[in-house]
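K.L.:
when you get a sec, could you give me coordinates for this:
(one chain, ligands or ions: 1)
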Amino acid sequence: MREDSRRWIEGDRAHCWHPFTRQAEWCREEPLVLVRGEGVWLWDSEGHRYFDGNSSIWTNIHGHRHPRLDAAIRAQLEDVAHTSYLGFANPRASELAARLTALFPSGTLERVFFSDDGSTAIECAVRMALQYRLNRGEDTRTGFIAFENGYHGDTLGAASLGGVGRFTGLMQRFGLDVRRVSSMAELEATPTEWSNHIAAVIVEPLIQGVNEMRPWPAGMLAALRRWCDARGVHLILDEVMTGFGRTGRMFACQHEDVVPDFLCVAKGLTGGYLPMAATLTSGAVYDAFLGGADKAFYYGHSYTANPLGCAVALASLDVFEEDRVLETLQPKIARMAELLAGLKERSPLVHEIRQRGFIAGIELRQPDGSRFPADARTGEAVCRAAWSHGLLTRPILDTIVLMPPLATTEDELAFAVDALEKAIAQCG
Ligand SMILES: *Cc1c(COP(=O)(O)O)cnc(C)c1O
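P.N.:
Here you go, the predicted model:
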């Protein structure tokens, strides 16, 4: 191992603490130290090259070191890196808010509140949904409905909406007033006096990510919108994972012509370059916060509307238009389906492929269809084995995530699926 790698790993072991990680185990292993990227490829400190199979945890859109995105950050640096959005406007934020709202039918999502990451975009929507009710004197409408196995981030409020037991178990009792349902049918069976206390419903549209990439039945989102409209309940869409082309449309809600009352975006907003998020909402919600200090929205973060983040988000939207990204994506989505169908045919351990757009979950089970014992950690073993075939991704339990940058070519896709096939064969 190179001297540099050794030093960085020792520094990590001595002082760093990783997200969602069993640290004792982590410190016994040799992590990859990622030092460089170009397009859909990443390099570690030992000089090995890997395909970025999960878009660097679902963030990267146009590839790494994209000339247009890099240039936008450099150009912004010539002006200023950061200025306060509390008390001041900034050019890139004004431009970005206009561009984002223009992606939706006019007169719908008209206002943009910037924050830092998916969790804060959700936190912001929840706080707005609650204060909207208080500002209007609807003091008893303070509950939320969320879906079983949903995931909405890790700040305390966002986490309390989540329904993934292994993440939220310990913290559940500290959060918001949340009722959980598992399907539209269950929601439709709830009595009206119950829904009268609900401020908003939150859902990951089209597909639940952390729930092992589980798609909703077609029509679910449109039905949910109707349910909300009939009861005066707001709809919050968490498009943190699905936003910016992942599902084959710019936003997942466009597949069912649904416009929410709050739309949360983060991961792909900056093309995967910088932490930045936005909560979009309607003029009607915004208006409820006008008129008097007691009505204002007392919420914000130091780096709100960071100019570098806004500049690269604008450049990412430019690339979507100039390179006709969504158009060129369609054949690649079909190619991914073909390649994964081939994988399933040849690999007895592949139980089910769940794909929506350019997002896929590949669920592994034993050849007889039963699950692997949880402590075998088969998904992790497969992803670890994939390193030596030049593929980086992470599992969710025994479901392997394949969610590459939208810039991936068909050849690169074939490379990734081939690497995965070899890794699965090695673990079978
Ligand atoms: C990643 C994610 C979040 C949380 O975003 P962070 O940027 O990690 O805080 C929320 N919701 C969904 C659907 C996500 O995939």
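K.L.:
make it CA atoms for all contacts and neighbour counts henceforth
P.N.:
Fine.
K.L.:
least confident secondary structure element in the protein?
P.N.:
In the chain, the helix or strand scored least confidently by mean pLDDT, DSSP states H and E is helix 165-168, which has a mean of 74.
K.L.:
what helices or strands is the helix or strand following it leaning on?
P.N.:
As assigned by DSSP states H and E, the chain's next helix or strand after helix 165-168 is strand 178-181. On a contact count with 3 or more CA pairs under 8 Å, 6 or more residues apart in numbering; DSSP states H and E, strand 178-181 meets strand 143-147.
K.L.:
given the strand it packs on, what are its sheet partners and their directions?
P.N.:
Strand 143-147 has the following strand partners under DSSP bridges: strand 178-181 (parallel), strand 198-203 (parallel).
K.L.:
show the subsequent helix or strand relative to the first one.
P.N.:
To tie it back to what came earlier, the one meant is strand 178-181. Counting by DSSP H and E, what follows strand 178-181 is helix 184-188.
K.L.:
what's the most buried one of the strands paired with strand 143-147?
P.N.:
Mean neighbour count (mean count of other CA atoms under 10 Å) peaks for strand 198-203 among those, with a mean of 25.
K.L.:
ok, and what's touching that one?
P.N.:
Strand 198-203 has contacts (CA atoms under 8 Å, 6 or more residues apart in numbering) with 129-130, 133, 141-147, 150, 228, 233-238.
K.L.:
distance check, the residue nearest the centre of the chain against Asn196.
P.N.:
Centroid-nearest residue in the chain: Met241, 2.2 Å away (criterion: CA atoms, centre = their mean). Distance of Met241 to Asn196, computed by CA to CA, to the nearest Å: 30 Å.
K.L.:
now do Thr21: how many residues are near it, please.
P.N.:
9 (other CA atoms under 10 Å).
K.L.:
per-residue confidence for it?
P.N.:
On pLDDT, Thr21 comes in at 95.
K.L.:
now whatever residue of the stretch 51-200 of the chain ends up closest to the ligand. Nearest residue, chain neighbours left out?
P.N.:
In the stretch 51-200 of the chain, the residue that lies nearest the ligand is Gly118 (3.1 Å; CA to the nearest ligand atom). Of all residues not flanking Gly118 in the chain, Ala266 sits nearest, at 5.0 Å (CA to CA, 6 or more residues apart in numbering).
K.L.:
can you tell me which residues contact the residue nearest to the centre of the chain?
P.N.:
Counting by CA under 8 Å, 6+ apart, Met241 touches Trp58, Thr59, Gly209, Val265, Ala266, Lys267, Gly268.
K.L.:
also near the ligand: which of those, exactly?
P.N.:
Residues of these in contact with the ligand (CA under 6 Å from any ligand atom): Gly209, Lys267.
K.L.:
and Cys264, what element?
P.N.:
Here Cys264 is assigned to strand 262-265, by DSSP H and E.
K.L.:
so in that sheet, which strands flank the next helix or strand after that strand, and in what orientation?
P.N.:
Next in sequence after strand 262-265, counting helices and strands by DSSP H and E, comes strand 277-282. Strand 277-282 sits in its sheet next to strand 109-115 (antiparallel), strand 262-265 (antiparallel), going by DSSP bridges.
K.L.:
run the chain-centre distance for the helix or strand just after strand 277-282.
P.N.:
Counting by DSSP H and E, the element after strand 277-282 in chain order, helix or strand, is helix 283-287. Distance, stretch centre to chain centre, for helix 283-287: 26 Å (CA atoms, centre = their mean, to the nearest Å).
K.L.:
alpha carbons of helix 283-287, as CSV, please.
P.N.:
Extracted in CSV, the C-alpha atoms of helix 283-287 (Å, rounded to 0.1, in the frame of the first residue of the first chain):
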residue,chain,number,x,y,z
GLY,A,283,-48.4,30.9,-3.6
ALA,A,284,-51.3,29.8,-1.3
VAL,A,285,-48.9,28.5,1.3
TYR,A,286,-46.6,31.4,1.0
ASP,A,287,-49.5,33.9,1.4
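K.L.:
for that helix, buried residues please.
P.N.:
Of all the residues in helix 283-287, those buried under the rule 16 or more other CA atoms under 10 Å are Val285, Tyr286.
K.L.:
report all helices and strands that that helix contacts.
P.N.:
strand 109-115.
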